[in-house]
Structure formats: C-alpha cells, structure tokens
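>>> Please work out how this folds:
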Amino acid sequence: MHKPSYCYFIMLIFLVLGVTACSLSDINTYNNEKTATAKVKQESMGYYPDKRTDKVKNIVSADPKPLQEEDFEISYQLHKIDKKTDIKELIYKWGYGEGYDSSNRGYISGNGTYRRWNLSYPNYENPEIRFVVLSKIELEGEELVDGESYLVAVSLENSKLKTKRGLKIGDTLGKVLQLYGQPSIITNGSLLYSKNGLHLRILWDTKSEKVNNISIEYNMEKSIKQQRSADYVDEDAQPDPDLEPFTIQEGQSFTTILSGWGKVRFVSTLKDEEKNNLIQAKFFLEVNNQKYVDNKILYEFPEFYGNNGRMIDKIKAVSFKDLNQDGRTDIVIIADYITGVNAHGIETLPVTGIYFQKKDNTYITLPELVKNINQTGHNRTLQNVIQYVGKQRIDVN
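Residues are numbered from 1 along each chain as shown. As a prediction, the model looks like this:
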C-alpha cells in the first residue's frame, strides 16, 4: 500500500488554506456589497421598494471627511485665494489680464452705485480662471473708478486648476461624490456644497456626466444685497414683492376659470435655491385683468404636501378638476423631488399634493388622504391620482 509523503500533506494543507481564504474573501465581499446595496436602496427607494434597484450599482459609496473652510481655498500661480483675498493685490501682481479693455473692462452688471465685473487670467478670450468682483463706483476728478472692492466668487475655467481636494474640469460626477459626498443642494446639472456662508458650486454636463465648471462663492449673498440692480430682475418676472423669493414656473402656470373666482391665473413657483436651504414649491392665484395689476395676488395656497422636508426639483403636472363631485374646482399637483445623486445624475421621485375647494372658495388639503396616495404609489400620473380619489368619499364642508 502506497504511503503519502510529507510533501503530499504539505501541499494538501496549502490547498485547503487557499480554498478557505478564497471562500472567506468571497463571503466578505458579498456581505459588504449586500450591506452597501441595502443601505443605498433604503436611502433612495422612497415609496417604491423595487423602483430604484436597477440604479444601485451606479451609486458611489463614499464617506469623505466633513467640509472645512480650507476646502474653499484654491491656489493660482502660487497665490492662495480665499474669502479674504485682496483684489488690489491681485491686480498689482498680475495686472488686469489681456483683453480687459476690449471686454468692456470685465463688466457684468451695474446700477450706478456698484459694478459687478470680472478679472480673467491670463486673458479674457481663453481664461484659466475668473474672479468675480463687486466694486463701489467712485468719482475721481471727472472719471468714474472702482472704489472699495471685494472678491465675490472665483470660477475655474479649464482642467489645469484643481480644488483643494483635487477636483478639476473633466472629472466624472462619480469623482465629485467620492471627494465631497452628498451635496447640500442638488439641481439638474448643478451640485452645491456649503459651509459657513462659503459655497462650492459644481456644474456638470448631463449627457457626458462630467464636470464642466467649478466655482467658489465667497461673498455672493453680501454682493446681491448691496447691488439692487435691474440686471438681476427678469423682464417677465412677477412684479409683486410678495413673490420676490420665488421663481415662476411658466410651463406649469395657467389661465383658467375656477368656481367662485372666475377667470384667474394659477401660478406655480419654486423658491430661489440661493436664498433657502431647500427648494420649495408655492402656488398662487393672480388677477387675470390688467386693470387690477396693482393688486395682482388674489390668493396664496396652503403649504404644498410635497414640501415636507423634501427638495423639489420641478413642478411636473397640474390639473383642475372636481374630484369629489361637489360642483367646485379642485387642483391636483404632481412634482418631482430629489432623493439623492449618483454617478449618472440626480435621482427623483414623484410626490402629489391636492387642494380641495370649500364653500367659501378657499382651499384646504387633506394630509392623510394625500399621504395614502403617495405611499401606495398612486401618484405617478394625474390619471392615477384622479382615479384613486374618485373611489373615496370626500366631504370638505
């Protein structure tokens, strides 16, 4: 009978250990992937447990260190740029940049008291970097000159320059998330990271999914308050001061006839994201008669259900219909809200809100009904909502 040699036993031990190690590695990899997948799925699926599973693989799992003020610094030609940067010192070192005079002295906008302008280096035609500046206009003899000036923002214009964490133009959206994590504010094509009044704004191309601009805002809010200029008012913007913080969504604003109101304009708006932590939806009725233009706002609707701790991406659909057969006009609204961002862009889910008209022609919401509509997934289309509500017994008197 053949007796196995010591070499045979040694080889057998190595083989067993190798298989065991591979098996443990596979198990750990599977468990880690399973845990990460479950976490991402839980965070992104919202009301639909199986809706987002196909995108799980595209989510970038990153846990970068929290933002610090130093993350909003950059370096250009060995010079540190931050919120305390002295504009006159930059001009002393580098001049005004080639093409300054032919580019209308870098003019962006002005109002007689302040002028907003930019310094572009090394030139204005093909810059590497732009500095946005706000200057107080002063009279020196008979000539208007820039007086007290400060840095508003800086924009990186090509891939030669990087942020403090190494991000540059041309990098992927996935790399943004790996370096900075989830942003403070997400819109389609824009990510915003904020800390103590400093803002890192990253613009990306929604087709190529790559960064095409990086800007850092140091004193943007201050500059907007100081410069009250017609350059910042859209010609078609709502003139009523009550709507100043909101942007009208023209595609979802309609002239219609409502019971008890007659011919009015229903106005959908989103609150300006630069002035608020969350983008929120708000709805109004306006007089549809130029004779009464001085009193345009007739009615402000109650809080939209979709605002509840969410960031609204857009108003998706509006319907005017008598939902409970009481002879009055109810209003259904569907919006998209942002659930997160992955390597391919923002992720959204629909959310519905309903306004029921009362006998006195004002409107109320029924939170429990709307909550059920959203939780059961009957909020994807106007038809879904209308069919669901039609089966309920609703009395708002």
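>>> Dig out what Phe131 forms beta bridges with.
Taking DSSP bridges as the rule, Phe131 bridges to Leu119, Val154.
>>> need the contact list for it.
By Cβ atoms under 8 Å, 6 or more residues apart in numbering, the residues touching Phe131 are Ile81, Ile87, Leu90, Asn118, Leu119, Ser120, Tyr121, Leu151, Ala153, Val154. (Glycine included, C-beta is placed from N, CA and C.)
>>> Show me what the helix or strand where Tyr355 lies is packed against.
Tyr355 belongs to strand 345-357 when elements are defined using DSSP states H and E. Under the contact definition 3 or more Cβ pairs under 8 Å, 6 or more residues apart in numbering; DSSP states H and E, strand 345-357 sits against strand 312-321, strand 330-342, strand 363-364, helix 367-375, helix 382-390.
>>> Okay, buried residues for stretch 131-141 please.
Phe131, Val132, Val133, Leu134, Ser135 (16 or more other Cβ atoms under 10 Å).
>>> cool, stretch 212-227 as well?
Ile214, Ser215, Ile216, Glu217, Tyr218, Asn219, Met220, Ser223, Ile224, Gln226, Gln227.
>>> Quick check, the third one in contact with Ile202.
Put plainly, it is Ile216. No - counting by Cβ atoms under 8 Å, Ile202 is not a contact partner of Ile216; they are 10.0 Å apart.
>>> what touches both of those two?
Joint contacts of Ile216 and Ile202 (Cβ under 8 Å, 6+ apart) do not exist.
>>> May I have the beta-bridge partners of Ile202?
Beta-bridge partners, per DSSP bridges, of Ile202: Leu191, Ile214.
>>> What confidence value was assigned to it?
On the pLDDT scale, Ile202 is placed at 95.
>>> Same question for Gln290.
What the model reports as pLDDT for Gln290 is 53.
>>> Ile169 too?
Predicted confidence (pLDDT) for Ile169: 96.
>>> what about it, which SS state?
coil (DSSP: H, G, I helix; E, B strand; the rest coil).
>>> please begin residue numbering at 18 from this point
Done: numbering now begins at 18, and the last item shifts to Ile186.
>>> how close does the closest residue in space to it that isn't next to it in sequence get to Ser92?
Spatial nearest neighbour of Ile186, excluding adjacent residues (Cβ to Cβ, 6 or more residues apart in numbering): Ser176 at 4.7 Å. Going from Ser176 to Ser92 by Cβ to Cβ, to the nearest Å gives 15 Å.
>>> Next: Lys242.
Taking Cβ to Cβ, one finds Lys242 at 29 Å from Ser92.
>>> Also Gln400?
Taking Cβ to Cβ, one finds Gln400 at 56 Å from Ser92.
>>> My read is that Leu136 contacts Arg122, right?
No - assessed by Cβ under 8 Å, Leu136 is found out of contact with Arg122, at 10.1 Å.
>>> which of these two has more neighbours?
Neighbour count, other Cβ atoms under 10 Å: between Leu136 and Arg122, Leu136 has more, with 22 against 12.
>>> how much space between Ser166 and Glu155?
10 Å.
>>> now the helices for the stretch 118-267 of the chain?
190-197, 237-243 (DSSP state H, counting those that start in this stretch).
>>> Including mean pLDDT, could these go into a markdown table?
Conversion of these to a markdown table gives the following (pLDDT from 0 to 100):
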| stretch | mean pLDDT |
| --- | --- |
| helix 190-197 | 92 |
| helix 237-243 | 83 |
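>>> Out of those, which is closest to Thr223?
Comparison of the helices of the stretch 118-267 of the chain against Thr223 by Cβ to Cβ identifies helix 190-197 as nearest, at 9.5 Å.
>>> Just the angle for the closest one relative to strand 362-374, thanks.
Put simply, helix 190-197 runs at 90 degrees to strand 362-374, going by axes from the mean of the first three to the mean of the last three Cα atoms, to 10 degrees.
>>> send the alpha carbons of helix 190-197 over as PDB?
Extracted in PDB, the C-alpha atoms of helix 190-197 (Å, rounded to 0.1, in the frame of the first residue of the first chain):
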ATOM      1  CA  LEU A 190     -19.700  63.000 -11.300                       C
ATOM      2  CA  GLY A 191     -18.600  59.900  -9.500                       C
ATOM      3  CA  LYS A 192     -15.400  61.500  -8.600                       C
ATOM      4  CA  VAL A 193     -17.200  64.500  -7.200                       C
ATOM      5  CA  LEU A 194     -19.100  62.300  -4.900                       C
ATOM      6  CA  GLN A 195     -16.000  60.400  -3.800                       C
ATOM      7  CA  LEU A 196     -14.300  63.600  -2.900                       C
ATOM      8  CA  TYR A 197     -17.100  65.600  -1.400                       C
END
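>>> Tell me how far it lies from the chain's centre.
16 Å (Cα atoms, centre = their mean, to the nearest Å).
>>> Ok, stretch 92-102 next?
That offset, for stretch 92-102, works out to 27 Å (Cα atoms, centre = their mean).
>>> now the end-to-end length of it.
11 Å (Cα to Cα, to the nearest Å).
>>> Okay, buried residues for that stretch please.
By neighbour count on 16+ other Cβ under 10 Å, the buried set for stretch 92-102 is Tyr93, Ile98, Lys100, Thr102.
>>> what's it in contact with?
86, 89-91, 107, 110-111, 138, 145-146, 148, 168, 171, 178, 215, 235-236.
>>> Mark which of these are buried, thanks.
By 16+ other Cβ under 10 Å, the contacts of stretch 92-102 give 89-91, 107, 138, 145-146, 148, 168, 171, 178, 215, 235-236 as buried.
>>> that older thread, which neighbours do Leu136 and Arg122 have in common?
By the contact definition Cβ under 8 Å, 6+ apart, Leu136 and Arg122 are jointly contacted by Tyr113.
>>> Would you mind writing the CA trace of stretch 171-187 as PDB?
Below are the C-alpha coordinates for stretch 171-187, written out as PDB (Å, rounded to 0.1, in the frame of the first residue of the first chain):
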ATOM      1  CA  VAL A 171     -13.900  82.600  -8.400                       C
ATOM      2  CA  SER A 172     -14.500  80.300 -11.400                       C
ATOM      3  CA  LEU A 173     -12.100  77.600 -12.600                       C
ATOM      4  CA  GLU A 174     -12.300  77.600 -16.400                       C
ATOM      5  CA  ASN A 175     -10.100  74.700 -17.500                       C
ATOM      6  CA  SER A 176      -8.600  71.500 -16.300                       C
ATOM      7  CA  LYS A 177      -5.200  73.000 -15.300                       C
ATOM      8  CA  LEU A 178      -6.600  74.100 -12.000                       C
ATOM      9  CA  LYS A 179      -7.900  71.900  -9.200                       C
ATOM     10  CA  THR A 180      -9.800  72.400  -6.000                       C
ATOM     11  CA  LYS A 181      -8.200  71.800  -2.600                       C
ATOM     12  CA  ARG A 182      -9.400  68.200  -2.800                       C
ATOM     13  CA  GLY A 183      -8.200  67.700  -6.300                       C
ATOM     14  CA  LEU A 184     -11.300  68.100  -8.400                       C
ATOM     15  CA  LYS A 185     -10.900  69.600 -11.900                       C
ATOM     16  CA  ILE A 186     -13.000  70.200 -15.000                       C
ATOM     17  CA  GLY A 187     -13.500  67.000 -17.000                       C
END
